[in-house]
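K.L.:
need a 3D model of the following:
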Amino acid sequence: MAPDPTSLHGGSLLIAWQLTNKRVLIVGGGDVASGRLESVLVADANVTLVAPAPLHPLTRELLDLLPERITWHNREFQDSDLLLDPIDSHSNNPSPKYVAMVFTAIDSYRESQRIAGLCHDLRIPINAADIPALCNFYFGSQVRSGALQILVSTNGKSPKLANLIRKRIESVIPPETADAIENVGKLREKIKERAPGVGGPLSKRRMRWMVDLCGKWSMEDLACLDNEMMAALVDGGWEKGVVPGPNEVIGDKAPKANGHAQNGHAKATADEIKGISLAEVAPVVGAFIVGALVSGLALLGRARR
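P.N.:
Predicted coordinates:
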């Protein structure tokens, strides 16, 4: 069924940007900048921080904790901060290289506008805090539990509502979700080692087997997997083209709770959310997103393939 044309506008493209070992520039040392710093460190980026002292306590703490990943310049921004490496005039290819991404979180609108203009000219993605018109991308309110990340974005219109919605989503995510995702990732790698290759029938078979596993096993069951159980799944499941039930692999270690109980609890939580009064605008919006989340929890493994 084709989507309603009127719904095909007004959003942003929500993506997971890979910043591992990339250099990111953050201009500012206050509260907002400290949040940006923490977020890009989680994404395994290396950071150049430009801000005169004093720094926000969290920024100071992160700098002390990870000095090898954060380079701090105790001064105001300079245009050369956008450069990744200095231009080598003796090189056959003296083209400059720039940082992968820029964040500004400073009080001066004029300076933010100037930095954004430089970034736009150089095609460097930039986020200017509290100035949506200057941004190539927006920050959202994130749910983070191990490898699981859920982004709630209002396209820069209402960060507060996004934060309230995030809290609603967090309330219905089972506590074992992070372990389940981690184990599914390890199991996928073991199967790839046993049957390597990208694309073609083998790749599709791997994908289908993992989909069937995540549909058949509950989140609690997946969280119980250890190396011995994974080996049993690969040898007795993947190799034979079947998906064993949890009891066949986990045995006495199987959790008391099952998928039906889990889904029943989530449904009860969703029903409670639906009864919220209209005065609580954000939680009502949150109920809509929670409903989508609840219905997809059983299929969470698919998002990892």
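K.L.:
which of the helices or strands spans W72?
P.N.:
strand 70-73 (DSSP states H and E).
K.L.:
sheet partners, orientation included, of that strand?
P.N.:
Next to strand 70-73 in the sheet, as set by DSSP bridges, lie strand 46-50 (parallel).
K.L.:
what average pLDDT does the helix or strand just after the strand holding W72 get?
P.N.:
On the C-terminal side of strand 70-73, the nearest following helix or strand under DSSP H and E is strand 83-85. If you average the pLDDT over strand 83-85, you get 85.
K.L.:
off-centre distance for strand 83-85?
P.N.:
A distance of 27 Å separates the C-alpha centroid of strand 83-85 from that of its chain, computed with C-alpha atoms, centre = their mean, to the nearest Å.
K.L.:
got the contact list for it?
P.N.:
23, 96-99 (C-beta atoms under 8 Å, 6 or more residues apart in numbering). No exception for glycine: its C-beta is placed from N, CA and C like everyone else's.
K.L.:
continuing past that strand, what's the next helix or strand?
P.N.:
strand 97-98.
K.L.:
sheet-wise, list the partners of that following strand with their directions.
P.N.:
Strand 97-98 sits in its sheet next to strand 83-85 (antiparallel), going by DSSP bridges.
K.L.:
outline the domain layout of the chain.
P.N.:
16-139, 140-173, 177-278 (automatic domain parsing).
K.L.:
who wins for proximity to L8 among those?
P.N.:
Among those, the nearest to L8 by C-beta to C-beta is domain 140-173 (14.6 Å).
K.L.:
for that closest one, measure first residue to last.
P.N.:
Taking C-alpha to C-alpha, to the nearest Å as the measure, domain 140-173 stretches 18 Å from start to finish.
K.L.:
show me how far that domain is from its chain's centre.
P.N.:
That offset, for domain 140-173, works out to 10 Å (C-alpha atoms, centre = their mean).
K.L.:
pull out the buried residues from that domain.
P.N.:
Under the neighbour-count criterion of 16 or more other C-beta atoms under 10 Å, domain 140-173 has 140-141, 143, 145, 148, 150-154, 156, 161-162, 164-166, 168-169, 172-173 buried.
K.L.:
next one: stretch 206-213
P.N.:
206, 209-210, 213.
K.L.:
dump the domains of the chain to JSON lines, plus distance to G10.
P.N.:
Formatted as JSON lines, those follow (distance: least, C-beta to C-beta, whole Å):
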{"stretch": "domain 16-139", "distance to G10": "13"}
{"stretch": "domain 140-173", "distance to G10": "7"}
{"stretch": "domain 177-278", "distance to G10": "23"}
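K.L.:
residues contacting G10?
P.N.:
The contact partners of G10, taken as C-beta under 8 Å, 6+ apart, are N155.
K.L.:
S145 pairs with what?
P.N.:
On the basis of DSSP bridges, S145 is bridged to L148.
K.L.:
was I right about it contacting A178?
P.N.:
Yes. S145 is within contact range of A178, at 4.3 Å (criterion: C-beta atoms under 8 Å).
K.L.:
confidence score at the most centrally placed residue in the chain?
P.N.:
Central residue of the chain (C-alpha atoms, centre = their mean): Q149, 3.7 Å from the mean position. At Q149, the predicted lDDT confidence score is 88.
K.L.:
just give the closest residue to it, not the sequence neighbours.
P.N.:
Counting by C-beta to C-beta, 6 or more residues apart in numbering, Q142 is the residue found nearest to Q149 once chain neighbours are left out, at 6.0 Å.
K.L.:
quickly note the distance from the one you found to I150.
P.N.:
Q142 sits 7 Å away from I150, taking C-beta to C-beta, to the nearest Å as the criterion.
K.L.:
for A128, same thing?
P.N.:
To I150, A128 is 25 Å away according to C-beta to C-beta.
K.L.:
swap in L65?
P.N.:
Taking C-beta to C-beta, one finds L65 at 26 Å from I150.
K.L.:
just the helices from the stretch 51-200 of the chain, written as ranges.
P.N.:
With DSSP state H, counting those that start in this stretch as the criterion, the stretch 51-200 of the chain has helices at 57-65, 109-122, 159-170, 177-194, 200-216.
K.L.:
hang on, the earlier thing: would you list the buried residues of stretch 206-213 in a markdown table and tack on pLDDT and distance to L19?
P.N.:
As requested, the buried residues of stretch 206-213 are exported to a markdown table (pLDDT from 0 to 100; distance: C-beta to C-beta, whole Å):
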| residue | pLDDT | distance to L19 |
| --- | --- | --- |
| R206 | 92 | 28 |
| W209 | 95 | 31 |
| M210 | 94 | 27 |
| L213 | 95 | 30 |
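K.L.:
from the residues you listed, which is closest to E76?
P.N.:
M210 (50.8 Å).
K.L.:
list the residues that contact the nearest residue to K192 once chain neighbours are set aside.
P.N.:
Here the nearest residue to K192 in space, its sequence neighbours aside, is R206; by C-beta to C-beta, 6+ apart that works out to 7.1 Å. By C-beta under 8 Å, 6+ apart, R206 lies in contact with 188, 191-192, 195.
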